[in-house]
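S.K.: got a predicted model here, sequence first, then my questions.
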Amino acid sequence: MRLKIVQVGEPVLRTPARRLTRDEITTDEIKRLIHDMRETMYDAPGVGLAAPQVGMPLQLAVIEDREDFLKAIPPAEMEEKERAPVPFHVIINPKIELVGDANVQFFEGCLSLSGFSALVPRSRQVRVTYWDEHAQEKSILAFGWYARILQHEIDHLHGTLYIDKMHSRTFSSFENLTRFWKSKPISEVITDLKCDDN
Ligand code: ZN
């Protein structure tokens, strides 16, 4: 079943989500939620969806950067963003650690801020430990776009949205992103919008 994705302004998006117990993870309710979130993410389409975005204040998110969606993206952009397919997986009760000092800036969007985008600085590399849908402990060392997806989704579980971290002067509708900014190098966008000190 497709779920309703709540939009910015809904209190659940600003509520720290609660952890799931090991026993809870394998219940029919949570299995159903994961199934429905997967379907909702495909349908949106998106590369990640956190439970608060469907109105559930739980520390659970689904992630997948699908190969068939990536075919439409030019190879140069894939390389610049260090983007590669990520298979479907579920992260529960994640802990994130930023690895190294490297920061990268790209435009990013959110299904709960439909139609908008902004330049958001993120750590290039992260380590995440979490439980999967079978309540097995897992660990990922991720870099590039995948690291960005993880930071974005885990922020959701703490009531944080990308607008809290963006260069606010770059906030743009999708339409204007395509029209004015998308084809420019990021360094030029930062200079043009005079946002390098923000
Ligand atoms: Zn989001």
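M.R.: That came in fine, so what should we check first?
S.K.: show me where the chain has strands.
M.R.: Applying DSSP state E to the chain gives strands spanning 48-50, 60-65, 86-108, 116-131, 137-143, 172-173.
S.K.: out of those, which is closest to Ile34?
M.R.: strand 86-108 (5.6 Å; C-beta to C-beta). The way it works is simple: take the backbone N, C-alpha and C, and place the C-beta from them, glycine included.
S.K.: in its sheet, which strands sit next to the closest one, and in what direction?
M.R.: The pairing partners recorded for strand 86-108 under DSSP bridges are strand 60-65 (antiparallel), strand 116-131 (antiparallel).
S.K.: let me know which of those strands is tucked in deepest.
M.R.: strand 60-65 (a mean of 24; mean count of other C-beta atoms under 10 Å).
S.K.: what's that one in contact with?
M.R.: Applying C-beta atoms under 8 Å, 6 or more residues apart in numbering, the contact partners of strand 60-65 are 17, 20, 30, 33-34, 37-38, 41, 47-51, 83-92, 94, 145-146, 149-150, 153-154, 156-157.
S.K.: if we ignore the residues flanking it in sequence, what's nearest Leu33?
M.R.: With sequence-adjacent residues excluded and distances taken as C-beta to C-beta, 6 or more residues apart in numbering, Leu33 is closest to Met56, at 6.6 Å.
S.K.: quick one: that neighbour and Lys95, what's the gap?
M.R.: Distance of Met56 to Lys95, computed by C-beta to C-beta, to the nearest Å: 20 Å.
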